[in-house]
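*Asks:* heads up, no residue letters with this:
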């Protein structure tokens, strides 16, 4: 039996384009002699469709798409993922399902049993878990078809009390197929390979695994679909961050023959290379899927905006990136020069708009209220917010989308001005720690100097008052980033982090800063997710709570 | 047996104050001869604790609080709610539990079975559902103790496949006790009464139901705890929007004697009266629980900011409310006068800061880029954003929290400026339709004119260009609000709404406006929830999605 794996980039809610894309791949696979082509989980509607799933019309559209696809399935079978109504009166209204389609008709329906409902996942919000499991017979082979998380229950302390494959294996299947929607995090590819390898070995079956590729707002799918033989050997690994259509012959003895050269990685990409590729895809899909073309950002001469500018230029083309220099009286000469150099290196558009007259006018307007009170955070924020007003005016006038340039360390400790530098349609590096931003800059410069060396080596500064440095008010980033990660990603308390050997005062101060910034993070733009725990939909904290000290 | 019901206002994560408050009520109830005092679901940590629940230290704190409370339980028993570790290796790490404490020790543990995971609820994110159910014997009575949603499964097409009371009833209990965290929506009190009445009748048992009162960021708990006899008659209804501690004797024949006069409502409060009370409590708890005292807002002379100002004055005292008039060249004289009149009627603080010089300076700064392009939304938004910069500067200088004054109709169709009038620490009326805002103004004026009559009767206008009216760019609010409600609250598609009889062009235009404002709503402040479907944590939509047309 010849099996095709289709690793495609879908668009949430775009039934017309998703369906056309699926049908085109069916036609190609049929021409290439495939017996079966496998698409990803919930591919008809895209993932995550979120509360679109509460609209009956949305579910109807999925079924209509499935019918169009079924009409194409002659001389080839296909597996597609879609939400379907749960016909039982009890339980949630939907199932997260797969259709097995052959001879122009839906031959079998498989419903997902293990519904992820942690971090960014909300599947139990919509779907009823399946409790019945049956294999599918096709061309003399018996297929154990499961959906994503259904295979992720082989670990210690599993999240679920059932394991679908333990039922399916009793029906003596010949092969496992798993359709997935498994989003990128820089450490997730290896975990995915381990879990799936473990399944192939545990059940002594070949395994075909198909993932999404492409970004849906903040979630980035990296592809990397996988094929294992029944001994658990990795037989193929599809490319990352791009579409692919590959073919395999499942031999009668259960072995697998590749119909094209393997693309298994000789060595894993570094975390930073993966993050770079993910962010470029994240920016590109955000713009293209929302019908926008051009990005704007404020370029300070610092490393954060430089990295975002370079990533945007790679994603959209430098001709579609507008960098705006917005110097104040506290901007250093070297910052302006560094920004100018970057623009020259990238070849992007640029404008310069000085903010001094605007901030002076704000201070004049407020002088009856502020009287002679000393310069403080109020005046600092006026600068940052004046820049935001100017950038947003450019967006409104010319149709740009503003890119936010805050990094994860800043977002964590609230080192940023709400309605100022925290503005933007999307946050590019809000899930990238400051220490990683430096690595990213080096990676971007791997072939030639794009980001000026001076931008990388000078001490970070917000330049909102004379001679300001980040390290005046924050711990050094190499310590700060580790403490943040312990608190945010591993949910350790201050006491536990101090027990790991970190300075007590630093830990308490950092956690306090993180906690009092919760109200700011509530209003930040969507953040491209590249770590296992990003700020945004995957981390849900009360605002008016008393925090652990 | 004498049972006390404690309807209290907790604070998420504030173990010290929650525990002290519970212990104080135990002591009072013991002095008053109660055998048992019942507190609400998850009262030790507050509701919703959200991802605090992922911190082991947070769960430890709950257990420590329970131990302190247990030490107080001599000569009185109590029921408290808290999260506890799930000791089984499979499944989620926690249970949503109730402790039955007597003689200084935890005598029984009950785990919740039906975990709400829709709208604002995320319980399956944290908790494993219970599958075992046992009654508790105390002083010759057998108690069927359940937690909130456990009783909400008597309807047609239920969300769950199990019903805990069907198991418990076989153990022949004498009484049902249900501890809850049931947030306010203006139509929820009657539904709650119906569901619980149905339970009492169905199982032929008296029922004691204890709810939270008080606000936790956007969620407002209205109290209204309930007591039913076994025929399903409402025997008592605790006050709404305030704390209460009441006593009942459960007689040996199963009947219930009140130890104080009943507070059953002779008639239901109007929706608008309920919304008014909910918003006042929501503002007050947001400020007090986060340690802030003073609110600031921009007062335009329009009805939205007038209503928010009046609500804030009631919640915090007029001496803690700063109203800022920020006239532009497009502000009409009557608007300024209406704002001045409101300030005088309320007795709140006020300042006037003209924005003309600031907006002129922005336009001057942008003239090299904007050249001679015509005045459009870019310049309109500069006005709105300049006001926000001034208000936020006042916050930063003096420690105010900015109140957002956008109503639900505006938030829905994106009729507001991101980083402009959409700013604020909290949104007071973001879940109140424009048509309801008018009703709220009339309600606020029920005893004397607080909101100037002219503010109520003049046509709504954003006053961002000469002679502008809302109705120039939006359908009339009485139609608009109904179309929005069909789409947002009932998830009807354009086709379905048109079939209800609404004008086709209006429906398509409204839904398109709602959809393209998704990215704006992502960045709005938390909105006090008063309806069954508010924007915010209870409605989760993709941003880069293709929407149903």
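*Replies:* Great, that's in hand. Worth saying up front: this structure is predicted, and the values here are computed from it rather than measured.
*Asks:* make it CA atoms for all contacts and neighbour counts henceforth
*Replies:* Fine.
*Asks:* buried sites along the helix or strand of chain A with the lowest mean pLDDT?
*Replies:* Every helix and strand in chain A was compared by mean pLDDT, DSSP states H and E; the lowest is helix A:470-473, with a mean of 84. The neighbour-count check on helix A:470-473 (16 or more other C-alpha atoms under 10 Å in any protein chain shown) flags residue A:470 as buried.
*Asks:* name the next helix or strand downstream of it, please.
*Replies:* Next in sequence after helix A:470-473, counting helices and strands by DSSP states H and E, comes helix A:477-488.
*Asks:* what's downstream of that following helix, the next helix or strand?
*Replies:* That would be, after helix A:477-488 and using DSSP H and E, helix A:494-499.
*Asks:* quick one: mean pLDDT for that following helix?
*Replies:* Helix A:494-499 carries an average pLDDT of 96.
*Asks:* check which helices and strands it sits against.
*Replies:* Here helix A:494-499 touches helix A:477-488, helix A:504-516, going by 3 or more C-alpha pairs under 8 Å, 6 or more residues apart in numbering or on different chains; DSSP states H and E.
*Asks:* could you list every residue that touches residue A:175?
*Replies:* Applying C-alpha atoms under 8 Å, 6 or more residues apart in numbering or on different chains to residue A:175 gives the contacts A:141, A:142, A:143, A:144, A:205, A:206, A:207, A:254.
*Asks:* please apply the same query to residue A:389.
*Replies:* A:420, B:382, B:385, B:386.
*Asks:* pretty sure the second one sits against residue B:359.
*Replies:* The reference is to residue B:382. Yes - Residue B:382 lies in contact with residue B:359 (C-alpha atoms under 8 Å); the separation is 6.5 Å.
*Asks:* which parts of the stretch 251-400 of chain A sit against chain B?
*Replies:* Listed as neighbours of chain B in the stretch 251-400 of chain A under the rule C-alpha under 8 Å from any C-alpha of the partner chain: A:286, A:289-290, A:353-355, A:357-358, A:361-362, A:365-366, A:370, A:376-379, A:381-382, A:385-386, A:389-390, A:392-397.
*Asks:* inside helices: which ones of these?
*Replies:* A:286, A:289, A:357-358, A:361-362, A:365-366, A:370, A:377-379, A:381-382, A:385-386, A:389-390, A:392-397 (DSSP state H).
*Asks:* and chain A, what are its domains?
*Replies:* Chain A is divided into the following domains under automatic domain parsing: A:2-261, A:273-473.
*Asks:* which residues touch residue A:439?
*Replies:* Taking C-alpha under 8 Å, 6+ apart, we find residue A:439 in contact with residue A:272.
*Asks:* can you lay out the helices and strands packed on helix A:494-499 as JSON lines showing distance to chain B and mean pLDDT?
*Replies:* Output for those, formatted as JSON lines (distance: least, C-alpha to the nearest C-alpha, whole Å; pLDDT from 0 to 100):
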{"stretch": "helix A:477-488", "distance to chain B": "9", "mean pLDDT": "97"}
{"stretch": "helix A:504-516", "distance to chain B": "10", "mean pLDDT": "95"}
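*Asks:* redo these as JSON lines? Include mean neighbour count and distance to residue B:428.
*Replies:* Formatted as JSON lines, those follow (neighbours: other C-alpha atoms under 10 Å in any protein chain shown; distance: least, C-alpha to C-alpha, whole Å):
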{"stretch": "helix A:477-488", "mean neighbour count": "18", "distance to residue B:428": "30"}
{"stretch": "helix A:504-516", "mean neighbour count": "18", "distance to residue B:428": "21"}
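*Asks:* which one of these lies nearest to residue B:530?
*Replies:* With C-alpha to C-alpha as the measure, helix A:504-516 is the member of these nearest residue B:530 (26.1 Å).
*Asks:* residue A:462: neighbour count?
*Replies:* 17 (other C-alpha atoms under 10 Å in any protein chain shown).
*Asks:* contacting residues for it?
*Replies:* Contacts of residue A:462 by C-alpha under 8 Å, 6+ apart are A:468, A:469, A:470.
*Asks:* give me the element it is part of.
*Replies:* Per DSSP H and E, there is no helix or strand for residue A:462.
*Asks:* now it: how far from residue A:353?
*Replies:* For residue A:462, the distance to residue A:353 equals 18 Å [C-alpha to C-alpha, to the nearest Å].
*Asks:* contacting residues around stretch A:487-494?
*Replies:* Applying C-alpha under 8 Å, 6+ apart, the contact partners of stretch A:487-494 are A:486, A:497, A:507-508, A:511, A:532-533, A:548-549, B:54-57.
*Asks:* could you pull out the helices for the stretch 151-300 of chain A?
*Replies:* Remark: helices assigned in the stretch 151-300 of chain A by DSSP state H, counting those that start in this stretch are A:164-168, A:188-203, A:271-289.
*Asks:* winner for burial among those helices?
*Replies:* helix A:271-289 (a mean of 21; mean count of other C-alpha atoms under 10 Å in any protein chain shown).
*Asks:* what packs against the least confident helix or strand of chain A?
*Replies:* Using 3+ C-alpha pairs under 8 Å, 6+ apart as the contact test, no helix or strand touches helix A:470-473.
*Asks:* among the ones in helices among the residues of the stretch 251-400 of chain A next to chain B, name the buried ones.
*Replies:* Looks like those have A:286, A:289, A:358, A:361-362, A:365-366, A:370, A:378-379, A:381-382, A:385-386, A:389-390, A:392-397 buried, using 16+ other C-alpha under 10 Å.
*Asks:* if we can go back for a sec, can you redo the contacts of residue A:175 as CSV with pLDDT and neighbour count?
*Replies:* Formatted as CSV, the contacts of residue A:175 follow (pLDDT from 0 to 100; neighbours: other C-alpha atoms under 10 Å in any protein chain shown):
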residue, pLDDT, neighbour count
A:141, 97, 16
A:142, 98, 17
A:143, 98, 20
A:144, 98, 26
A:205, 98, 24
A:206, 98, 27
A:207, 98, 28
A:254, 93, 15
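*Asks:* name the nearest of these relative to residue B:18.
*Replies:* Nearest to residue B:18 among the contacts of residue A:175: residue A:144, at 51.3 Å, using C-alpha to C-alpha.
*Asks:* so where does the closest one fall, helix or strand?
*Replies:* Per DSSP H and E, residue A:144 falls inside strand A:141-147.
*Asks:* partners of that strand in the sheet?
*Replies:* According to DSSP bridges, the neighbouring strands of strand A:141-147, each with its direction, are strand A:136-138 (antiparallel), strand A:175-179 (parallel).
*Asks:* residues near residue A:51, how many?
*Replies:* By other C-alpha under 10 Å, the residues close to residue A:51 number 19.
*Asks:* next one: phi and psi at it?
*Replies:* Dihedral angles of residue A:51 (phi, psi; degrees, to the nearest 10) stand at phi -70, psi 0.
*Asks:* these two touch, right, it and residue B:539?
*Replies:* Yes - contact between residue A:51 and residue B:539 holds when scored by C-alpha under 8 Å: they sit 6.7 Å apart.
*Asks:* ok, now which ones touch residue A:303?
*Replies:* A:437, A:438, A:441, A:455, A:456, A:460.
*Asks:* same question for residue A:65.
*Replies:* Residues counted as contacts of residue A:65 (C-alpha under 8 Å, 6+ apart) are A:15, A:19, A:44.
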